[in-house]
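A.B. asks: dropping the sequence and predicted coords here.
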Amino acid sequence: MSKTPSGPGRAARPARPNEKNASVKNQGNRPAAPSTGRGFTRFRRNHPILGALVPVGLVLLVLVTLVVAKTTGGPATAQPAASKIVAGSTSSEDGNGTSALPSGVLSAVESISPSTLAAIGDPSSVSAPTATPSKTAVLHASDGKPEILYIGAEYCPYCAAERWAMVVALSRFGTFSGLRATHSSSSDIYPDTNTFSFFGSTYSSASLDFVPVEEQTNHVVNGAYTTLQTPTSSEEALLARYDAAPYTTEPGSIPFLDIANKFVSIGASYTPQVLQGLSMHDIAAQLNDKNSLVATAIDGAANQIVAAITAATGVQPNTTTSSGS
Amino acid sequence: MAPERMRRVPGWIAATSCALSMLAVGLTAYLTVTHYTDPTALACPDTGIVNCTAVTTSSWSVVAGVPVALLGLLWAVAMAAVCSPWAWRSAARWLDPVRTGLATTGAAAVIYLVYVELFRVDAICLWCTGVHLTAVALFAMVLVARANRANTVGREVRPS
C-alpha cells in the first residue's frame, strides 16, 4: 500500500486512477453517500478548493491575532520560554536587552538648535575628554577615516549617560541608524537610566568612523551580565594603553571613549543623576531647552566631545542642526 | 501517467508557485549573505517598529547555532525544487506529501517568527516579512493544487 499524506485532506481524497485496487482502498475512507455528509465534510465535498484553503485561513487568523494583540497590548503578550527568562528583562525587550526606540526621540536628538548648543557651551559641571601626548598618531580605521572607539555595556549607568552625549555629538558629523532603546541595570546605582544602545546600530559619516562595542547586556544570568560583544585584540590593546593611568585612577573603567587616540574620556562626563526617573521622551524633549539641567549636561558633554573630535581630526561639525539637516 | 497529472494541476498554480519559491530563494539568500557579512547593511528603514537589524542580529536569529536566514534559504531552495515545472509534471508519488509538508513547515515557521518579532524582539524586519508572505502564499498554492488534483481525479474514478 502506498503511503499517503495524513491530515484532514486524506479522508476525503479519492483514489487516483493509477493506484492499484483504488476502489477497494478508498472504500473505508469515503462516506457511504454524498448526501450523508455533514458540516465541514459536506462543505469540503461541495467546495473542495475553499475547503483546502481553511488551513490557510487559520494561519492568517493566527497572524492577525498576533498583530492585534501586539497593537492593543493585550494579554497575548506571551511570557518568554523558560530558557530565555533573565533578570531585569521586560516583555518589550529582546534578548539583547534592547527595545524599539520610541518614536521622535532620535529626530529630537538630531535636531538640537545650534543656538542652544552654543548657549550651553562648556558648563563647569561637565568634564572634558583628556588629551593624549601631542605626538600620538591619529587612529585611523581600515578605510582611512579617523576612528572613534567606544567601549561600554548596557547595564552601566555611566555608559547610559555618556551615550546621550555621544549620539548628540556624533550626529553632527554623520547619521545613526538602527539605534535601539535600553536602560542601565535595575539593581545598580542610578537604576534604569534610559538611554540608547549602540548594539546593532550603524553610523554613516563621510569623515569619521565610529566603532561601538557594547560588552554586556543589562540582563543577569547566573549572577553575571550576559555577554553581548567582545572587543577585538586591537581594541583591547587600546583599552590597556589608554584606560589606565594617567587618564584614570581606575584602570579598565567604562565607558571608554577613544577619540582617534588624541583624546580619551573614561567614565561619564556628567552625573547620571540628572536623568533619573526620566523616559527617553522626557530627556529628548528637554535637549533644546538651554535652561534645563538635562540639556546642560547632555548638550554640554556633547559640545566637549565635538570639540575634541574637531581638535583631533580637523573635521568640522555640521553647523545647521546636530544632524546637519 | 505523468501527462495526466500535469494536466490536472492548473498551469497558473505551477507558474505562480514556481515564481513565489524563486522569490523566496532570492529574499532568503539576501538575508543569509548579509547575516554572514554585515547584518547592519540590510536595506531597511529604521522607523520605530520596523528595524531589520534589530531582528537579524537578535539572539533569536540563530537556532541551535544555525542562522534562521540560512534555514529559510534551505527551505526556499527545497520549495523551489518541488514547485518547479518538472516537479509538478512528475508522477512521483512522494512529491505531493513532501511538497505539502514543506509548505506546512513554512507556514508554521511564519507563525513562530512573527510571534518572535512582535513579542520578543519588538521589531519587524521588512525582508523577513516578504519571506513570510511568500511562505503563506506558497502554502495556499500547494493546498489548492492538492485539492484540485484530488477533486479532478475523484470525478474521473467515481462511477456515473
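C.D. replies: Done, it's in.
A.B. asks: can you give me the strands in the chain?
C.D. replies: Going with chain A. A:130-131, A:147-152, A:175-177, A:180-183, A:194-197, A:202-204, A:209-214, A:216-221, A:224-227, A:256-259, A:263-266 (DSSP state E).
A.B. asks: I was after chain B.
C.D. replies: B:46-47, B:50-51, B:62-63, B:66-67.
A.B. asks: neighbours around A:Thr249, how many?
C.D. replies: By other CB atoms under 10 Å in any protein chain shown, 10 other residues sit near A:Thr249. Glycine gets a C-beta too; all of them are placed from N, C-alpha and C.
A.B. asks: closest one to chain A among the strands of chain B?
C.D. replies: Among the strands of chain B, the nearest to chain A by CB to the nearest CB is strand B:46-47 (4.6 Å).
A.B. asks: list the contacts for the residue positioned nearest the centre of chain B?
C.D. replies: Centroid-nearest residue in chain B, with CA atoms, centre = their mean: B:Ala135, separated by 3.3 Å. Residues near B:Ala135 by CB atoms under 8 Å, 6 or more residues apart in numbering or on different chains: B:Ala24, B:Trp75, B:Ala103, B:Gly106, B:Ala107, B:Ala109, B:Val110.
A.B. asks: can you redo these as JSON lines with pLDDT, distance to A:Gln216 and neighbour count?
C.D. replies: Listed next are the contacts of B:Ala135 as JSON lines, based on pLDDT from 0 to 100; distance: CB to CB, whole Å; neighbours: other CB atoms under 10 Å in any protein chain shown:
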{"residue": "B:Ala24", "pLDDT": "96", "distance to A:Gln216": "37", "neighbour count": "27"}
{"residue": "B:Trp75", "pLDDT": "96", "distance to A:Gln216": "34", "neighbour count": "22"}
{"residue": "B:Ala103", "pLDDT": "95", "distance to A:Gln216": "41", "neighbour count": "29"}
{"residue": "B:Gly106", "pLDDT": "95", "distance to A:Gln216": "36", "neighbour count": "26"}
{"residue": "B:Ala107", "pLDDT": "95", "distance to A:Gln216": "37", "neighbour count": "25"}
{"residue": "B:Ala109", "pLDDT": "95", "distance to A:Gln216": "31", "neighbour count": "17"}
{"residue": "B:Val110", "pLDDT": "96", "distance to A:Gln216": "33", "neighbour count": "22"}
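A.B. asks: on that earlier part again, out of the strands of chain A, which is the most enclosed?
C.D. replies: strand A:256-259 (a mean of 27; mean count of other CB atoms under 10 Å in any protein chain shown).
A.B. asks: so which elements touch that one?
C.D. replies: Strand A:256-259 sits against strand A:147-152, helix A:233-242, strand A:263-266, helix A:293-313, with contacts defined as 3 or more CB pairs under 8 Å, 6 or more residues apart in numbering or on different chains; DSSP states H and E.
A.B. asks: direction included, what does that strand pair up with?
C.D. replies: strand A:147-152 (antiparallel), strand A:263-266 (antiparallel) (DSSP bridges).
A.B. asks: show me how far stretch B:68-79 is from its chain's centre.
C.D. replies: 8 Å (CA atoms, centre = their mean, to the nearest Å).
A.B. asks: er, stretch A:217-230 I mean
C.D. replies: That offset, for stretch A:217-230, works out to 15 Å (CA atoms, centre = their mean).
A.B. asks: then it to CSV, C-alphas only?
C.D. replies: Taking Å, rounded to 0.1, in the frame of the first residue of the first chain, the C-alpha atoms of stretch A:217-230 are listed here in CSV:
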residue,chain,number,x,y,z
THR,A,217,23.5,43.4,28.2
ASN,A,218,21.5,44.6,31.3
HIS,A,219,20.4,41.0,31.9
VAL,A,220,21.8,39.0,34.7
VAL,A,221,22.1,35.3,34.3
ASN,A,222,23.7,33.1,36.9
GLY,A,223,24.9,36.3,38.7
ALA,A,224,26.6,37.9,35.7
TYR,A,225,25.5,40.2,32.9
THR,A,226,25.3,38.3,29.7
THR,A,227,27.9,39.0,27.1
LEU,A,228,26.9,41.0,24.0
GLN,A,229,30.1,41.9,22.1
THR,A,230,33.8,41.2,22.7
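A.B. asks: any regions of the chain where pLDDT drops low?
C.D. replies: Chain wasn't specified; assuming chain A. A:1-38, A:40, A:44, A:73-95, A:320-325 (pLDDT under 70).
A.B. asks: sorry, should have said chain B
C.D. replies: Residues of chain B that meet the cut-off, pLDDT under 70, sit at B:1-8, B:39-40, B:46-48, B:58-59, B:150-160.
A.B. asks: okay, helices next: where are they in it?
C.D. replies: Remark: helices assigned in chain B by DSSP state H are B:2-8, B:11-36, B:52-56, B:68-82, B:85-89, B:95-115, B:126-157.
A.B. asks: what's the most buried one of the ones you listed?
C.D. replies: By mean count of other CB under 10 Å, the helices of chain B have helix B:52-56 as the most buried, with a mean of 28.
A.B. asks: packing partners for that helix?
C.D. replies: helix B:11-36, helix B:126-157.
A.B. asks: dump those into a markdown table; add distance to B:Val66 as well.
C.D. replies: Converted to a markdown table, the helices and strands packed on helix B:52-56 look like this (distance: least, CB to CB, whole Å):
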| stretch | distance to B:Val66 |
| --- | --- |
| helix B:11-36 | 11 |
| helix B:126-157 | 16 |
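A.B. asks: between those helices, which gets nearest to A:Leu275?
C.D. replies: Closest to A:Leu275 of the helices and strands packed on helix B:52-56, according to CB to CB: helix B:126-157, at 32.7 Å.
A.B. asks: from the chain's centroid, how far away is that closest one?
C.D. replies: 11 Å.
A.B. asks: that helix to helix B:95-115, inter-axis angle?
C.D. replies: With axes from the mean of the first three to the mean of the last three CA atoms, to 10 degrees applied, the angle from helix B:126-157 to helix B:95-115 works out at 150 degrees.
A.B. asks: now helix B:126-157 against helix B:68-82, angle please.
C.D. replies: Interaxial angle, helix B:126-157 versus helix B:68-82 (the same axes, to 10 degrees): 30 degrees.
A.B. asks: mind exporting stretch B:74-85 as CSV, just the C-alpha atoms?
C.D. replies: Output in CSV follows, covering the C-alpha atoms of stretch B:74-85 (Å, rounded to 0.1, in the frame of the first residue of the first chain):
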residue,chain,number,x,y,z
LEU,B,74,17.4,25.8,2.7
TRP,B,75,13.6,25.7,2.9
ALA,B,76,13.2,28.0,0.0
VAL,B,77,15.6,26.0,-2.2
ALA,B,78,13.6,22.9,-1.3
MET,B,79,10.3,24.6,-2.1
ALA,B,80,11.8,25.8,-5.4
ALA,B,81,12.7,22.2,-6.3
VAL,B,82,9.3,20.7,-5.5
CYS,B,83,7.5,23.6,-7.1
SER,B,84,9.5,23.6,-10.4
PRO,B,85,7.5,22.8,-13.6
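A.B. asks: is it true that B:Thr16 touches B:Met141?
C.D. replies: Yes - using CB atoms under 8 Å, B:Thr16 makes contact with B:Met141 at a distance of 5.9 Å.
A.B. asks: end to end, how far does stretch A:164-175 reach?
C.D. replies: Its start and end residues considered, stretch A:164-175 measures 14 Å (CA to CA, to the nearest Å).
A.B. asks: what's it in contact with?
C.D. replies: Outside stretch A:164-175, the residues that reach it (CB under 8 Å, 6+ apart) are A:106, A:109-110, A:112, A:148, A:150, A:176, A:179, A:195-196, A:203-208, A:210, A:257, A:269-270, A:275, A:283, A:287, A:297-299, A:301-306, A:309, A:315, A:317-318, A:322-324.
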